[in-house]
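Colleague: Pasting the sequence and the predicted coordinates here, then a few questions.
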Amino acid sequence: MRRTVMVILDGLRRDFVTPATTPFLHTFAARSRRFDAFRSAFPSATRVVSATFATGCHPARHTLQGNAMALLENGRLVPHDVGRPEFLRHKRAVTGRALAEPTLAERLAPCGGMILFNNVSPGAAMAHDPDGFGHVYHRAVSVAPGGTPAADPLRVTLDAAGDRAMTERFVPEVLHQRRPALAVLWCGEPDHIQHNAALGSPEHLAVLREADRNAGMVFEAVARERDAGDDILLIIGSDHGHETVSGVIDVEAELVAAGLKQDADSSDVVAMANGTSTLIYLQPKQESRRDDLENFLRTRSWAGNVVAADALGTIGQAAWNGLSFAVSMAADGSANSFGVPGQSLVAKPRWDKPDRLGCGQHGGLGRFEQAPFLMIDGPAFASGTVTRDPAHIVDLAPTILHHLRVAAPGLDGHALQVDVAGPRSAI
Ligand SMILES: [Zn+2]
């Protein structure tokens, strides 16, 4: 039986995969193919990455533009927190689709199905399957096909102990008994600790070892299933990296102070913070303000990369729904107090509490947040090899579908198997 198993250790940077910090992953590298140029989506934020993974398409096509985004509702820009459980239902009501492209859960529903165990935000869990084709288990919401509540909800905490408990249920129940075509274990660590402790700190390194052990548990279970005859593609990776927060910028307050936005609550211009990036929306009636906005953004020291509407395609976005500029906040390679390189400014969030200086964050195009890790073990992935060929989160769905022999033409991503020829991701 052909199956695919994927483990995501949320937020684990590629440079933290070492013999000392993650001994299992280090040994797994020797029997898998490692992708050393693997990149995240933009924003490099979990809900966006989840939708990008699930659809095999960039945000320009699936239209979940950010972890926080605005929607044009009756001509007005309305800010939304995508993490709220009702957001995708609301987006479906406003735009016609929760996600504008089919998910893996939908594609696999007639051929073996998908089961996701997920310990990040409820919005990120639901971004995998907003229309209820598969099984989604999350500590806040567990649903069966059709969107009905699951009979056996996942009850874990968002920390290393919760990830451990989730893995200990996932292995016997999903890998050994239920055996779907796609089984995904998406752990909340080390992302959770990295938002609350310095990268490289003893607390962080202790959680990395726990996350590493969970991945090892899944590998051992997959080995047993392979011995029993199943043809399993095993993907172990992360969704984005992290940078250390070096400062917090209130982008909306800056726009108001510069006379480019009427007031904090106005809907003429809306900046939606996504960690180390921000999405800037312009109401259609305010088109005359576009050039002034661009000049302002391009002369701010806090703006690292400013991407205007006509170039949004280069980062997988589109000028849909009033999105006019994407800004990746200024980042540099300087080291934090534990010698870990990569620091970035963050945009002050509208609802959440501001990020903690000295702790981790992500969302932008910074070098280290765009350096998740990826290792794939299975047919057409030569053991112990390393490639720097382009690879992107958008390539995982086609890779999974190729292994499962499910045709899905027209995705943005490209299957990563070496026997598949064709263009590689340009983003
Ligand atoms: Zn994440």
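Modeller: Okay, I see it. Residues are numbered from 1 along each chain as shown.
Colleague: How many neighbouring residues does P130 have?
Modeller: By the other CB atoms under 10 Å criterion, the neighbourhood of P130 contains 25 residues. The C-beta positions use only the backbone N, C-alpha and C, and glycine is treated the same way.
Colleague: Can you read off the pLDDT for the residue nearest to it when sequence neighbours are not counted?
Modeller: Nearest non-adjacent residue to P130, counting by CB to CB, 6 or more residues apart in numbering: A98, 3.6 Å away. Model confidence at A98, given as pLDDT, is 97.
Colleague: do the one 3 residues further on as well
Modeller: Here, the pLDDT recorded for E101 equals 98.
Colleague: For it, which phi and psi angles does the backbone take?
Modeller: Backbone torsions for E101, taken as degrees, to the nearest 10, come to phi -130, psi 150.
Colleague: surely it meets R61?
Modeller: Yes - contact criterion CB atoms under 8 Å: E101 and R61 qualify, at 5.3 Å.
Colleague: which SS state does the residue nearest to P130 fall under?
Modeller: Three-state call for A98 (DSSP: H, G, I helix; E, B strand; the rest coil): coil.
Colleague: Relative to D131, how far out is it?
Modeller: In this view, A98 and D131 are 6 Å apart by CB to CB, to the nearest Å.
Colleague: Neighbour count for those two, which is higher?
Modeller: A98 (23 against 18).
Colleague: Identify the residues contacting the more buried one.
Modeller: The contact partners of A98, taken as CB atoms under 8 Å, 6 or more residues apart in numbering, are 88-89, 91-92, 130-131.
Colleague: Which single residue in this structure comes nearest to the ion?
Modeller: T46 (3.2 Å; CB to the ion).
Colleague: And for that residue, nearest residue in space, chain neighbours not counted?
Modeller: Per CB to CB, 6+ apart, closest to T46 is A124, 4.4 Å.
Colleague: For that neighbour, give me the pLDDT.
Modeller: The per-residue pLDDT reported for A124 equals 95.
Colleague: Now it. Its backbone dihedrals?
Modeller: According to degrees, to the nearest 10, A124 has phi -70, psi -40.
Colleague: ok, it touching G83?
Modeller: Yes - using CB under 8 Å, A124 is in contact with G83, at 7.3 Å.
Colleague: hang on, N321 in a helix?
Modeller: No - counting by three-state DSSP, N321 falls outside a helix, being coil.
Colleague: Need the overlap of contacts for E101 and R61.
Modeller: Between them, E101 and R61 share the contacting residues T55, judged by CB under 8 Å, 6+ apart.
Colleague: ok now do the most centrally placed residue in the chain, which residues does it touch?
Modeller: For the chain, the residue whose C-alpha lies nearest the mean C-alpha position (CA atoms, centre = their mean) is V49; its distance is 2.7 Å. With contact taken as CB under 8 Å, 6+ apart, V49 is in contact with 40-41, 239-240, 393.
Colleague: what kind of secondary structure is it in?
Modeller: Relying on three-state DSSP, one would call V49 helix.
Colleague: residues near the closest residue in space to F381 that isn't next to it in sequence, how many?
Modeller: Of all residues beyond its chain neighbours, the one nearest F381 is R33 (4.0 Å), with distances taken as CB to CB, 6+ apart. By other CB under 10 Å, 22 other residues sit near R33.
Colleague: Equivalent analysis for the one 5 residues further on, please.
Modeller: By other CB under 10 Å, 25 other residues sit near F38.
Colleague: so where do the helices sit in this structure?
Modeller: 23-29, 46-55, 59-62, 87-95, 104-108, 122-126, 160-170, 191-194, 202-227, 251-257, 290-298, 396-403 (DSSP state H).
Colleague: picking that back up, so for A124 and G83, which residues contact both of them?
Modeller: Going by CB under 8 Å, 6+ apart, residues that sit against A124 and also against G83 are R47.
Colleague: who's more crowded, these two?
Modeller: More crowded of A124 and G83, by other CB under 10 Å: A124, with 25 against 19.
Colleague: need the contact list for the more buried one.
Modeller: 46-47, 50, 83, 118, 186.
Colleague: So which of those sits lowest on pLDDT?
Modeller: G83 (88).
Colleague: just checking, that one touches M126?
Modeller: No - applying CB under 8 Å as the test, G83 and M126 come out as separate, 9.5 Å apart.
Colleague: Can you tell me which residues in this structure are near the ion?
Modeller: 10-11, 46, 191, 239 (CB under 5 Å from the ion).
Colleague: let's go with 8 Å and repeat that
Modeller: Contact residues, the chain versus the ion (CB under 8 Å from the ion): 8, 10-11, 45-46, 49, 120, 124, 191, 238-240, 362.
Colleague: Most neighbours among these, please name it.
Modeller: Ranked by the number of neighbours (other CB under 10 Å), the residues of the chain next to the ion place H362 first, at 33 neighbours.
Colleague: Let me see the contact set for the residue nearest to it when sequence neighbours are not counted.
Modeller: Among residues not flanking H362 along the chain, E369 sits closest, at 4.1 Å (CB to CB, 6+ apart). For E369, the contact set (CB under 8 Å, 6+ apart) comprises 40, 44, 240-243, 276, 331, 342, 344, 361-363.
Colleague: Between its first and last residues, how far does stretch 381-392 reach?
Modeller: 16 Å (CA to CA, to the nearest Å).
Colleague: With stretch 112-128 instead?
Modeller: Terminal-residue distance, stretch 112-128 (CA to CA): 16 Å.
Colleague: Tell me how far the residue nearest to the centre of the chain lies from H195.
Modeller: 16 Å.
Colleague: what's the answer for R3, then?
Modeller: In terms of CB to CB, R3 sits 33 Å off from H195.
Colleague: circling back: output the contacts of V49 as JSON lines; include the columns pLDDT and distance to I232.
Modeller: Output for these, formatted as JSON lines (pLDDT from 0 to 100; distance: CB to CB, whole Å):
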{"residue": "S40", "pLDDT": "98", "distance to I232": "25"}
{"residue": "A41", "pLDDT": "98", "distance to I232": "26"}
{"residue": "D239", "pLDDT": "98", "distance to I232": "21"}
{"residue": "H240", "pLDDT": "98", "distance to I232": "26"}
{"residue": "I393", "pLDDT": "98", "distance to I232": "21"}
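Colleague: neighbours around I393, how many?
Modeller: As a measure of burial, I393 has 29 neighbours, counting by other CB under 10 Å.
Colleague: Oops, could you answer that again for N321 instead?
Modeller: By other CB under 10 Å, 16 other residues sit near N321.
Colleague: tell me the contacts of the closest residue to it other than its chain neighbours?
Modeller: Spatially, and ignoring its direct neighbours in sequence, N321 is nearest to L72 (5.3 Å; CB to CB, 6+ apart). Residues near L72 by CB under 8 Å, 6+ apart: 78, 283-284, 321-322.
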